[in-house]
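Chemist: make a model of this:
(one chain, ligands or ions: 1)
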Amino acid sequence: MIEKNNKPKFLIVGAGLAGICVAKRLHENGIDFKIIDNGLNESSRVAAGVINPLVFRRTTKSWRVDELLPIAVDFYQNLEELWGNKYYEPIQIRRAFSHLQERETWIERQNWEDYSPYMKTIDDLDTNFDGLKNTFGTGVVLQTAYIHTDAFLTDARNWFKNNQFLIDATFDFKEMDAQTGTFQGEKYDSIIFCEGYRGIENPFFNYLPLEATKGEILTVESTQIADNELLNRKCFILPIGNKQFKVGATYTWRSPNTELTEEAKTLLFEQANSLVDAEMKIVQHQAGVRPTVLDRRPLIGTHPKYSKLKIFNGLGAKGYMMAPLLSEEFVSNLVTESPLDKEIDIERYRKRYIQE
Ligand SMILES: Cc1cc2nc3c(=O)[nH]c(=O)nc-3n(C[C@H](O)[C@H](O)[C@H](O)COP(=O)(O)OP(=O)(O)OC[C@H]3O[C@@H](n4cnc5c(N)ncnc54)[C@H](O)[C@@H]3O)c2cc1C
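Modeler: Reported below is the predicted structural model:
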C-alpha cells in the first residue's frame, strides 16, 4: 500500500477511463487525490477499446493522432508493468472499401508523407482479399491495437481501491459547496467531474453541449472467421480469442440508457453477415453510452464562474487513444496553469454559459 501523508487536494468524480487517466496523471505528479465512483454505467468497460489512427468515413487521419498515439501506447504499456496484466494488444485492421471512390482516395493518400505511417500500400493480396465479401478491395491500417477494457477497468479500480484512493459511492451535489470546493465537509483545491454521459445531468456544467450516444455491441462465436485481424466495413469484427469476436457498434444519438434492443442486435448481425461469409452464434449483447460532443472535441477545463470546479469529459468514440495525452495536458494545466489546447478547452463554450 502507498504511504499517504497529505490531505487529498483533488476530488475526482467518476472512475471510468477519464477518471482513471486523470488520477494516474495526478499520482505521477505526486499529488494526493480521492476518487468517488458508483460504477453505474461504464462506457469504458463495454467499449471494444479499438485504437485506430484513421477515420474511415473520409479516409483521413484522426485528430492529433501523431501526438496522441505514442503517448497512449506508452501509457497502457507502463500500466501493464505496474499492474502485471496485458492491456495493449496490437492487431492489424483491414478496411474493406465501401465503394470505388474510397479505394481511389486510399491509393492517393497511402504514399503521402504524413499518411504513410498509418496506411499500408495496397497490393494484389489486398485487392483480392478473400477472407470477406470483398468488391472494391481492402486496405490495411498500421499502428493499430485494442485495449482489454474489462481487465483494464477491473485492475484500475482494484489498485485505486486497495491504495485507498477510491470510494464506492454516489456523488451528491447537495453535499457540495461550489464556491469553496467543499464536499462532505472536506475542502479540495478542485473537484474534477469525469462522469461520462451522466455529465448531462451535472447542474454546473449542463450548459455544455454534451450528448449521450448509446452504443450496442455483440460478442459472437465463429470457427469460420480469421482471428488474426480486425475487419471493418459498416461494423467491425474484432477477434478477442477463443474463437470469439466483438461485433459493433451502433450509434444512437440522445439515448441516455443501456437497454438492449432487438433492433440493434439484428442490425449488427446483418452488418457482420454483409462483411463475412461465416456461421456466427451470438453469445453476448451489451450496451453502453458514450459521452459525445457535436464538434467532436472533448470538454476539458475550468467552470467559467466557479474556479474550483473542473471537467474532463466528452471523450466520444475514440476515448482510449485520446485520454492518456489529454489527461497529461489537463493535469499540467491544473498544476502549472499551462494553457489548454483551445480545441478541447471549454472556454470555447463560454458564451453559452453567459446566455443562460
Ligand atoms: C459500445 C461502445 C463501444 C466503444 N468502442 C470504443 C472503441 O473501440 N475505442 C475507443 O477508444 N472508445 C470506444 N468507446 C468510447 C469509450 O468507451 C469512451 O470514450 C470512454 O470510455 C468514456 O469514458 P468516461 O470515463 O468519460 O465515461 P464512463 O466510462 O461512463 O465513466 C464514468 C464513470 O463515472 C461514474 N459516475 C457518474 N456520475 C457519478 C456520480 N454522481 N457519483 C459517482 N460516480 C459517478 C459512472 O458510474 C462511471 O463509472 C465505445 C463506447 C461504447 C458505448
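Chemist: how near is the residue lying farthest from the centre of the chain to the ligand?
Modeler: With distances taken as Cα atoms, centre = their mean, the residue sitting farthest from the centre of the chain turns out to be residue 124, at 34.3 Å. Separation of residue 124 from the ligand (Cβ to the nearest ligand atom, to the nearest Å) stands at 30 Å. Every residue, glycine included, has its C-beta placed from N, CA and C.
Chemist: same thing with residue 260?
Modeler: 12 Å.
Chemist: ok, and the closest non-adjacent residue to residue 74?
Modeler: Residue nearest to residue 74 in three dimensions, not counting chain neighbours: residue 324, with 7.5 Å by Cβ to Cβ, 6 or more residues apart in numbering.
Chemist: doesn't that neighbour belong to a strand?
Modeler: No. Counting by DSSP: H, G, I helix; E, B strand; the rest coil, one finds residue 324 to be helix, located in no strand.
Chemist: I'd like the numbering to begin with 734 instead of 1 from here.
Modeler: Got it, the first residue is 734 from now on, which makes the last one we talked about residue 1057.
Chemist: tell me, how many neighbours does it end up with?
Modeler: Neighbouring residues of residue 1057 were enumerated by other Cβ atoms under 10 Å; the total is 24.
Chemist: quick one: contacts for it?
Modeler: Contacts were defined as Cβ atoms under 8 Å, 6 or more residues apart in numbering; by that measure residue 1057 touches 754, 801, 804-805, 807-809.
Chemist: that one and the ligand: what is the separation?
Modeler: Shown here: residue 1057 relative to the ligand, a distance of 11 Å by Cβ to the nearest ligand atom.
Chemist: what does residue 784 give?
Modeler: For residue 784, the distance to the ligand under the criterion Cβ to the nearest ligand atom works out to 7 Å.
Chemist: report pLDDT for that residue.
Modeler: According to the model's per-residue confidence, residue 784 sits at a pLDDT of 98.
Chemist: that one contacts residue 882, correct?
Modeler: No. Residue 784 is beyond contact range of residue 882, at 11.4 Å (criterion: Cβ atoms under 8 Å).
Chemist: okay, now the residue in the stretch 934-1083 of the chain that the ligand sits nearest to: neighbour count?
Modeler: For the stretch 934-1083 of the chain, the nearest residue to the ligand under the criterion Cβ to the nearest ligand atom is residue 1052, separated by 2.3 Å. One way to gauge burial is a neighbour count; for residue 1052, by other Cβ under 10 Å, it gives 25.
Chemist: for it, what are its contacts?
Modeler: Remark: with contacts taken as Cβ under 8 Å, 6+ apart, residue 1052 is in contact with 750-751, 776-777, 780, 1023.
Chemist: and the pLDDT at the residue nearest the centre of the chain?
Modeler: Centrality entry for the chain: nearest residue to the mean C-alpha point is residue 1052, 2.1 Å, by Cα atoms, centre = their mean. Listed pLDDT for residue 1052 reads 98.
Chemist: how about it, secondary structure?
Modeler: Local secondary structure at residue 1052 is given as helix here, using three-state DSSP.
Chemist: for it, give its distance to residue 984.
Modeler: Residue 1052 sits 14 Å away from residue 984, going by Cβ to Cβ, to the nearest Å.
Chemist: so residue 986 makes contact with residue 948?
Modeler: No. With contact defined as Cβ under 8 Å, residue 986 does not reach residue 948; the gap is 11.0 Å.
Chemist: look at these two and report which has more neighbours.
Modeler: Neighbours were counted for residue 986 and for residue 948 using other Cβ under 10 Å; residue 948 has more, 23 against 10.
Chemist: element containing that one, please.
Modeler: Secondary structure assigned from DSSP states H and E places residue 948 in strand 943-954.
Chemist: check contacts around residue 894.
Modeler: With contact set as Cβ under 8 Å, 6+ apart, residue 894 has these partners: residue 901.
Chemist: so where does it fall, helix or strand?
Modeler: Assigned by DSSP H and E, residue 894 falls in helix 882-895.
Chemist: returning to what we had before: sheet partners, orientation included, of the next helix or strand after the strand holding residue 948?
Modeler: Moving toward the C-terminus from strand 943-954, the first helix or strand encountered (DSSP H and E) is strand 962-966. Here strand 962-966 is paired, per DSSP bridges, with strand 825-829 (parallel), strand 968-974 (antiparallel).
Chemist: no further queries at this time; thank you.
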